[in-house]
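Participant: Below are the sequence and a predicted model; questions follow.
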Amino acid sequence: MIIFDSQMKHNENIEDESEDKQLYVPLFPMRKKPSIGSSQISSQSTSQSTQMLTQYRSMQDSNEKRELEAAIIKELMKDKRSSEFYAVQENWISQYKLYLYQNGERPSILDNNNCTQYIIVNEAVWIFFKQEYKAHPDIICKQKHSRNNDKRSKTVEPTINRQTASNSQSNYELPLIGMKNDSYYCYMHSGLQSLLSIADLNYFIIKYIQRISKQQLLDKKKQNIVSFTKAYFDLIDQIKSSTVPIKINTIKTLIINQFHPKNQHDCHEFLLYLLGHIEDEILNFNKDTKSTYINFVEQIFKGKLQTNIICQLCKNKVKQIEPFLTLSLAISQSKTLESCLDEFLKEETLKDYKCVKCQSSCVKSLQIVSIPQILVLHLKRFQFLPQCHKNNKAITYPIDILNFGNKTYRLRAVIVHTGNLQSGHYFTFAKRYHQWFLFNDETVKAVTKKQVLMQAAYILFYQINENP
């Protein structure tokens, strides 16, 4: 991170530069329905840029619209009332950069010792991004002094990033939209906001529905075969086109037989139910249409666990391999998530099982033989025997590096339950655009790493580090 102002405090909510940002920083943010008549932009722009904005918002997404966007940015950069300037990653503004070079001009560019380039924009441009995309570039640095007096910046020859949006799954990070709760649906909202923060899942859902629709495989008769997958696709589309909290009507209808709207329910049970139905739909659709679409639920979430049972006397061994979507971990003997995993995998002597050959005692052990891309860990806080109660014990968990199998993982989302077995509330913390956010029904707000780590976690989502 580049810091100009020595008095500026470090932002705990910005990740350091070592993280793999290619996966999450868009070439251009995902297009959404623009908001009409932005008072903030109008108050900080010239009359010419206001006219250009009106034309821009009436255009369909195209090369002409991107060119107009670059011209708008150039016009907004003339606004002398913007007192602050920001260095943002060039991925967000590469079309503007190309536009300037094609017209014989050069943008203000910063580079650091790692040869990472950032482009200086003013406050009006940053607000433009935020309003039009319902998202914004990370602020790499702020400066309140004039660009002309900034001797620490220098102009360098550019390397234009021509990677198209379709080649980057980063474009499948979604806007920060809350969900209206008119009943007991906080369990569903928390589960969905966690899943929606997984760009790979959004990518596969969108591509899956688009492809089967394009190939005319999804007629009215077959829509029921993929009803859960189509509902998730429609939810993504609803989020992309909204600027206010939304209602999740279709999924509510699909789950009503299992999750009655007047009762409170378990978020872990909902996640298993939803992902299980989506996977079943993929398999059934492939079978009915003789297709070979990827089972992306298996590809993203499923690992494999081998159970070994060994006789202590004759050493006879019985083994069984089973897939898992989540791992449920006991917490009574542990203080950390790592020790919960160790406790889950450790050997135990079986009391109610005898060797099939010699009837001697056996030892059971578990072994991870295949790891998932997204590791979902469920902490067993609710106990029903010998009596019903909730265990509120504090379990610490890592945010940057969790060792599992032969790989490392980083935290992607945390679901929290407050209250008891009779009444309670769910909310989630999830990471999008390099920052942590709290999703609490309709409320969405930025939080720090420290706040995320202070929670009594119920379900944790860890994403594999492909290039640790």
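Facilitator: That came through, no problem. Bear in mind that the values here come from a model prediction, so they are computed numbers and not experimental data.
Participant: which element is the residue lying closest to residue 395 once chain neighbours are set aside on?
Facilitator: Of all residues not flanking residue 395 in the chain, residue 331 sits nearest, at 5.5 Å (Cβ to Cβ, 6 or more residues apart in numbering). (Each C-beta comes from the backbone N, C-alpha and C, glycine too.) Residue 331 is part of no helix or strand, with elements assigned from DSSP states H and E.
Participant: wait, residue 331 sits on residue 339?
Facilitator: No: contact criterion Cβ atoms under 8 Å: residue 331 and residue 339 do not qualify, at 9.4 Å.
Participant: okay, these two: which has more neighbours?
Facilitator: Taking other Cβ atoms under 10 Å, residue 331 and residue 339 do not tie; residue 331 has more neighbours (20 against 15).
Participant: Am I right that residue 332 is in contact with residue 391?
Facilitator: Yes: counting by Cβ under 8 Å, residue 332 touches residue 391, with 6.9 Å between them.
Participant: Of those two, give the one with the bigger neighbour count.
Facilitator: Taking other Cβ under 10 Å, residue 332 and residue 391 do not tie; residue 391 has more neighbours (14 against 10).
Participant: Next one: the closest residue to the more buried one other than its chain neighbours, what pLDDT does it get?
Facilitator: Spatial nearest neighbour of residue 391, excluding adjacent residues (Cβ to Cβ, 6+ apart): residue 381 at 4.9 Å. pLDDT for residue 381: 94.
Participant: didn't residue 381 look like it was pressed against residue 457?
Facilitator: No: the pair residue 381 and residue 457 fails to qualify as a contact (Cβ under 8 Å) at a distance of 9.1 Å.
Participant: More neighbours: these two, which one.
Facilitator: residue 457 (24 against 19).
Participant: Now do the same contact list for the more buried one.
Facilitator: 379, 395, 397, 414, 415, 416 (Cβ atoms under 8 Å, 6 or more residues apart in numbering).
Participant: one more time with 7 Å
Facilitator: Residue 457 makes contact with 379, 395, 397, 414, 416, according to Cβ atoms under 7 Å, 6 or more residues apart in numbering.
Participant: Among these, which are located in strands?
Facilitator: Members of the contacts of residue 457 lying in strands (criterion: DSSP state E): 379, 414, 416.
Participant: Now render those as CSV, adding neighbour count and distance to residue 254.
Facilitator: Output for those, formatted as CSV (neighbours: other Cβ atoms under 10 Å; distance: Cβ to Cβ, whole Å):
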residue, neighbour count, distance to residue 254
379, 25, 27
414, 25, 26
416, 19, 25
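Participant: Helix or strand, whichever it is, which one in the chain has the lowest mean pLDDT?
Facilitator: helix 39-43 (a mean of 43; mean pLDDT, DSSP states H and E).
Participant: Quick one: name whatever helix or strand follows that helix.
Facilitator: Using DSSP H and E, the first helix or strand after helix 39-43 is helix 47-57.
Participant: In a strand, residue 309, correct?
Facilitator: Yes: Residue 309 sits within a strand when classified using DSSP: H, G, I helix; E, B strand; the rest coil.
Participant: Just the CA trace of stretch 272-291, in CSV.
Facilitator: Extracted in CSV, the C-alpha atoms of stretch 272-291 (Å, rounded to 0.1, in the frame of the first residue of the first chain):
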residue,chain,number,x,y,z
LEU,A,272,-27.1,-28.3,3.2
TYR,A,273,-30.7,-28.3,1.8
LEU,A,274,-30.0,-25.6,-0.8
LEU,A,275,-26.7,-27.0,-2.1
GLY,A,276,-28.0,-30.5,-2.0
HIS,A,277,-31.0,-29.6,-4.2
ILE,A,278,-28.8,-27.6,-6.7
GLU,A,279,-26.5,-30.6,-7.0
ASP,A,280,-29.4,-33.0,-7.5
GLU,A,281,-30.8,-30.7,-10.2
ILE,A,282,-27.4,-30.7,-12.1
LEU,A,283,-27.2,-34.5,-12.0
ASN,A,284,-30.9,-35.0,-13.0
PHE,A,285,-30.7,-32.4,-15.8
ASN,A,286,-27.7,-34.1,-17.2
LYS,A,287,-29.4,-37.5,-17.1
ASP,A,288,-32.7,-36.2,-18.6
THR,A,289,-31.1,-34.2,-21.4
LYS,A,290,-28.0,-36.5,-21.9
SER,A,291,-25.8,-33.5,-21.1
